[in-house]
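S.K.: give me the fold of what follows.
(2 chains)
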Amino acid sequence: MADRTCVIVQLDEVWHRALEAIRPWWNAGLVMALFLALSNTAEAAEPTEVQSFDIPVQPLSSALASYARQAGVQIFFPTARIAGRDSVAVHGRLDKSTALRKLLAGTSLQVASDDGQTIVLRPEAEPPRQTAKPPRPHAGNDAASPLEEVIVRGAPRAGTLKRGNDTVANTITELEIKRLPNLDVSDVIARLPGVLRDDTQSGEDRYVQIRGLPNAAASQSIDGVLLTDYINSSRAASTELLPPHFMQSMTVTTTVTPDLDENSNAAHVAMSTISGLDDEGQHLMDIRGYLGYNSRSGGDRPTRQPMRLSGTWRGALDEGNRFGLAVGGELDRLGSRQDARSVAGYKVITGFDVPNGALTAGETYTQTQRASALVRFDARLARGLAVFGEYLYLQHDFQTDQQTASASVAAAQAVAITATSGQFHSAGQVYGFNQGAPRLHDHLIQAGGDFQVTGTEALSFRLGMILNTVRQSSVSIDGFGIGSSSLQTPLRYDISGNDIALSAGAGDLMANPGLYRLSGKTIVNATVSQDHNYFARIDYLRNLRLGQLGWGFKAGVQLKTLARVNTQNGYARVLAPGESLDLAAVTAASRVDQLNPVSSNQAAFLQLINQRGIPSPDSNGEYTSDPADGYGQDFTASEQIWVGYGIVSYGFEHGRLSAGVRAAHTNRKLDQYEPDSNGQWNPAHYEQSYTHALPSAYGYQDLTANLKLRAAFTQTLQRPALAGSSARLLTSYDAPVTRWISYSNPYLLPVRSTNFELAAEYYLAPDDAYVCLGVFSKYLRDISAVSSTQSVGADAVREIISYTSNVTQVGGKKVYGKAQGIELVWSDPKLFFFPERFGNLGVALGYDYIVYRVTAINGGSGVPATDTRLVDSGPRHFFNLSMFYNRGRFAANVFLQALSSLPALSYDPTMDRRTRFSPLLDMQASYAITANVRLLLEGRNILDQSISDHYGVTGYGPAYQLRHDGRTLWVGAQVMLF
Amino acid sequence: MTPTGTDPRTRNLEQIREDAALWLSRVQLGTADEEAFARWRAEHPAHALEFARAFANWEALRDAVSTDDLRMPVGSFTRRHLLQLAGCGAALAIGGAFWVSQYRGWTAIKTGVGELRKISLPDTSTVELNTDTEVAWRFNQNRSVIKLVRGEIAVTLRTGVSALFLSTNLIATLLSGRYNARCVSDLLRLTVVQGTALIDQSPRAPGIVATTGQSVTATAGRTVKIEAENNMDGATAWQNGEIVFHDEPLVAAVAEFNRYLTKKIRILAPQAQFQRVGGRFKTAQPQAFLRAVSIGLDLRTTETEEHYLILPKI
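M.R.: The predicted model follows:
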């Protein structure tokens, strides 16, 4: 796409400019309003009879005894259901009942009697064991079902976890996870503020981008073990494989502490799985089954209709709750069809934008099947000593079949041109297909132990092994085409706003599939990568828990290894001289119509191309043209990282200050094949080592009983993927309309980020509600700058050739990235102003305004860079809203996400691209038939979100590509046994 | 030679032993700077080990020294000398009798059930006796010797004062600080609330040391175990007339309460005996405890002339 320029009305830019103008005033007003509201509320909430409490974190039983001593009362409580549970810290001047309420928040104990001298506590409701009679939802909280009641009782809620964190973090718990139609863990994370959902055509989230940074800039862990189920060429963990129902909570820490993974320029996502000892061994079975219907009937071939089945069971294995077991399984099959229309480019003719090049209609059929299983065993071996072992099996088969029909037009031949329409009386035709089928299989084996040595000392260890196999196969062709032919019925285009509609033309010579001939190269990709990744860590902490006063410290050592063997079994063919292959030989269609893709028999095609084609490269191992067809992908690579860290901390009555440093030594090895100047492929070996010292400092201060201020600073990394560096074709997975040829410097260094974050958090006890306002900044260096050239092939497939290297400066100009933003979060599970007679209404709202800009460089394809350009690299506005409603037997929850456009910008503005998303709406509604059975109705992408790519710098006019993934409705049932 | 914080890797073992001996002598004399001593011991495990060895040797030697080892000069013996000797003897006899009665003899003190007592020793140390406790003390070699026969005591030693603690199961030197010792059912538990206890296991074994926040448990066979005290609040609550139980079976909580009661509580609800409970109560208010048990565990209570009874709900 070389000659595109178009004049496009860019509402997004207008919005940006307007917001830029009012932003300082708006920000100042927002801060003032928040603090005024906070101070007024704080004054109103000040209790009249207060006294000093100083109760540090400790076993809850001890904390209640301390409370009684400080409050001057006697107390009695059964401990069976709070054994092994730590209290929160309670410090400051409070009245007795408030202090006790804080201690009891999230526990199963309630005040049964209080005569002013003696307080008696007892469980809120005895959970029946393995009976069909479930606990009744407690009227005093927002639980919508007996299951939610157990969840609320068994673990701290999101607000409590956020408040108890050492630094700035956002948490989502099992309660919120189960309330929305979450297909995988990526879905769940995307409900949090500042997270972009990165979905595939079948409607599942694959990765997420946190605060605009790439998906590989975040790291993930499960129960303290680093998650390393990467696919080839990426360092983003495949969180789309993880079932949401296996998770008890997920915490996203955006400015990480030294004990979290350092590969966290964007964030670290810490996941905790469900355990048999949750809620003191409460037996709980949750089974859900769904049948789905997607809005994609009427295509050239049937679209798979989705289904989901998930189940978990957890509970104690003995009366003493010393041993617990959690098992789970999930199976889902998804299918969808993405319909897309794209225009390769425009030319200005008589003052108007006129399409030029390939006008393409595409249908991409996707189908996914995921199967997963969890077994987790927990044991409390002695007082203060708990160990666990768990195994996760994860499988993901993803298949995409894309078929396209393109009409190639020349703008100069357009007639009847107006500002919004025109037509063509001749066009070339190309029919193509691409097919990809990644299959991922993971085995995660993990174990760990936590030992509370004394009241202030704790020791923990984690061990993990991930066996990860990724098989990727794909077939791509340049297409079957005929040259330009005349149309009796002209091809029309109509521009409406940012969209363009295409009306197919017709011609006598176009309908016969036998006239369309295969051209170019056929690439069959078959890659197998096998990973053996190991992880070990040991941590010791002393006097470092929330509420513990005085000096404390934490130290630990980690070993993280990755090893990958990547084998390419693919091949490439070009037709032998004198041979041909026509479309009629591979399609069952008797005729073809313009802009109407046809399906093809790919097995028959492969048989024919193998008969009539010749290898490329030839028998001498040399290519006649572009070598990037996958032969370069054989490689073995490994990475070994030693990390040691130490944190020194001082806890004072109303806060804590911590500082630490981590040292990370990395050793990487790469053996691969790469072409010499003659096009001959030879083995090459690379080895590099580097060490980083990454400081951190963070702290918080409780200004009042409700208001907490935080500040954090840390340095982090984003290591490059474990991948071959020689040129290779990457079969598209996310966007099949793009062909991506990539190569890189084999000695890529990690991108380093210096991160700052400030936050003011106001907690509205006792409903776990909070309001948080924060600002953050990231400065990235050693940034791996990408030189890229882009073009649109004759088959209408966009092709990007990119070269990635660490560039610190070009022509004296620094190469860097900078992200700065503001984040507002409001979460209230039970809105006080919503009339109780109408039920319960809760809300979780997140808004982020982020300016994320990086330096783009020119050059590429062997041409050295000579200049830089600062470009946007992430959406500016993130708006997430979740609402939770329940009344009696009925519950309904919705999630709405609105984003500004996602830029993909490079040095050359004519190659800029912005992807614009219309609002995304998900919902879940349920009705309790009995106490154990609920009917469920879920909808994903209910608005059939339109995703449009806008290409070029001059106004981003009619969409380069407009696509819809389709909406899905699910009907299901949930069975709960207690 | 001054005990300092020099890196032990650069110093030889003999030097450390000399330092340990010097510290031991200062501890024995009560002239040690407690903080400096603690710092020195914490500097390196070798310091603690050598001090423990020096202490054990000292304890062994003290038992081995007899009056036979004292060599007196032999001189002429005259009447004057005899008179002087008689006078001195009389004075010694009178003074000695007084001294023995005051210091060398054991003074026994007891408390009844539900009674608390606090006594001061000649070195201004204090011993508090919990319910149903018997203790004996004497002043020997310029320090207190405290023997716990049964029950529970709290010992507070002012700065510069040490004491020898004796029980059937354990012998320990307590440096200045606060301690709680409880001897119930042949099980002795010595808790170091604050300070250092030097445990004498046997004449030939090196001594071991318990410090602030640790408890030493010794059985009748003198098996000694040191561990962190996770319930310091519970161990010392009795001094305020309170009882604290953490995650204990009801039967254990009741047994603890009964130590303070002449009219005992009995559990006649078998299914409730092993329900685990926690709480904090005034030892003088059993009715409040019983009422709380009835509400918290859904039981009922009643009272006879001899007992308080905990019963299943009808």
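
S.K.: can we go C-alpha only for contacts and neighbour counts from here?
M.R.: Noted.

S.K.: partners of the lengthiest strand in chain B, with directions?
M.R.: When chain B is parsed with DSSP state E, its longest strand is strand B:143-157. Its sheet considered, strand B:143-157 pairs with strand B:126-129 (antiparallel), strand B:134-140 (antiparallel), strand B:163-166 (parallel), strand B:177-184 (antiparallel) by DSSP bridges.

S.K.: any idea which of the ones you listed scores lowest on pLDDT?
M.R.: Among the strands paired with strand B:143-157, strand B:134-140 has the lowest mean pLDDT, at a mean of 85.

S.K.: and it, how far out from the chain's middle?
M.R.: 12 Å (C-alpha atoms, centre = their mean, to the nearest Å).

S.K.: what's around residue A:703, how many residues?
M.R.: As a burial measure, residue A:703 scores 13 neighbours (other C-alpha atoms under 10 Å in any protein chain shown).

S.K.: no wait, residue A:492
M.R.: Around residue A:492 there are 18 residues (other C-alpha under 10 Å).

S.K.: host element of it?
M.R.: Taking DSSP states H and E as the criterion, residue A:492 maps to strand A:480-496.

S.K.: can you lay out the strands paired with strand B:143-157 as TSV showing mean neighbour count?
M.R.: Below are those laid out as TSV (neighbours: other C-alpha atoms under 10 Å in any protein chain shown):
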stretch	mean neighbour count
strand B:126-129	21
strand B:134-140	20
strand B:163-166	21
strand B:177-184	22
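
S.K.: can you pull the contacts of residue B:161?
M.R.: Taking C-alpha atoms under 8 Å, 6 or more residues apart in numbering or on different chains, we find residue B:161 in contact with B:30, B:123, B:125, B:143, B:175-176.

S.K.: in the sheet, who's paired with the residue most central in space within chain A?
M.R.: The centroid of chain A falls nearest to residue A:208 when counting by C-alpha atoms, centre = their mean (2.0 Å). Here residue A:208 sits in beta bridges with residue A:197, going by DSSP bridges.

S.K.: any idea how far it lies from chain B?
M.R.: 44 Å (C-alpha to the nearest C-alpha, to the nearest Å).

S.K.: which ones are touching that residue?
M.R.: A:186, A:189-190, A:195-198, A:215.

S.K.: and the pLDDT for residue A:602?
M.R.: Per the predicted model, pLDDT is 85 at residue A:602.

S.K.: what's the answer for the one 3 residues further on, then?
M.R.: Turning to residue A:605, the model gives it a pLDDT of 94.

S.K.: with residue A:874 instead?
M.R.: On the pLDDT scale, residue A:874 gets 86.

S.K.: run a quick neighbour tally on it.
M.R.: Neighbours of residue A:874 using other C-alpha under 10 Å come to 26.

S.K.: can you tell me how far the residue nearest to it when sequence neighbours are not counted sits from chain B?
M.R.: Of all residues not flanking residue A:874 in the chain, residue A:212 sits nearest, at 4.4 Å (C-alpha to C-alpha, 6 or more residues apart in numbering or on different chains). Counting by C-alpha to the nearest C-alpha, the separation of residue A:212 from chain B is 47 Å.

S.K.: returning to what we had before: lowest-confidence entry in the contacts of residue A:208?
M.R.: Comparing the contacts of residue A:208 by pLDDT, residue A:198 comes last, at 71.

S.K.: which strand or helix spans the residue nearest to residue A:874?
M.R.: Residue-wise, residue A:212 maps onto no helix or strand under DSSP H and E.

S.K.: any residues touching the strand holding residue A:492, and which ones?
M.R.: A:408, A:420-432, A:500-510, A:515-519, A:582-583, A:958.

S.K.: next SSE after that strand?
M.R.: Sequence order places strand A:499-503 as the next helix or strand after strand A:480-496, per DSSP H and E.

S.K.: adjacent strands (with direction) for that following strand?
M.R.: strand A:480-496 (antiparallel).

S.K.: in the strand it pairs with, what's buried?
M.R.: By 16 or more other C-alpha atoms under 10 Å in any protein chain shown, the buried positions in strand A:480-496 come out as A:480-482, A:484-487, A:489-495.

S.K.: what do you get for stretch A:521-531?
M.R.: Neighbour-count burial for stretch A:521-531 [16+ other C-alpha under 10 Å]: A:521-531.

S.K.: go on, stretch A:568-579?
M.R.: Neighbour counts over stretch A:568-579 (16+ other C-alpha under 10 Å) mark A:568, A:570-575 as buried.

S.K.: flag the shaky bits of the stretch 851-978 of chain A, pLDDT-wise.
M.R.: Where the stretch 851-978 of chain A drops to pLDDT under 70, the residues are A:860-862, A:951-960.

S.K.: skipping its backbone neighbours, what lies nearest the one residue in it that gets nearest to chain B in space?
M.R.: Going by C-alpha to the nearest C-alpha, chain B is nearest to residue A:978 of the stretch 851-978 of chain A, at 22.0 Å. Nearest non-adjacent residue to residue A:978, counting by C-alpha to C-alpha, 6+ apart: residue A:284, 4.7 Å away.

S.K.: bridged to the one you found, which residues?
M.R.: Beta-bridge pairing for residue A:284 (DSSP bridges): residue A:314.

S.K.: quick check, pLDDT for it.
M.R.: On the pLDDT scale, residue A:284 gets 90.

S.K.: go on, residue A:41?
M.R.: 40.

S.K.: nearest spatial neighbour of residue B:212, chain-adjacent residues omitted?
M.R.: Closest to residue B:212 by C-alpha to C-alpha, 6+ apart is residue B:194, at 4.5 Å.

S.K.: typed the wrong thing, it's residue A:71
M.R.: residue A:96 (6.4 Å).

S.K.: find the centremost residue of chain B, please.
M.R.: Short answer for chain B (C-alpha atoms, centre = their mean): residue B:181, at 4.6 Å.

S.K.: hmm, back to that, okay, the contacts of residue B:161 in a markdown table with neighbour count next?
M.R.: As requested, the contacts of residue B:161 are exported to a markdown table (neighbours: other C-alpha under 10 Å):
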| residue | neighbour count |
| --- | --- |
| B:30 | 18 |
| B:123 | 16 |
| B:125 | 21 |
| B:143 | 20 |
| B:175 | 27 |
| B:176 | 23 |
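
S.K.: all set, thanks.
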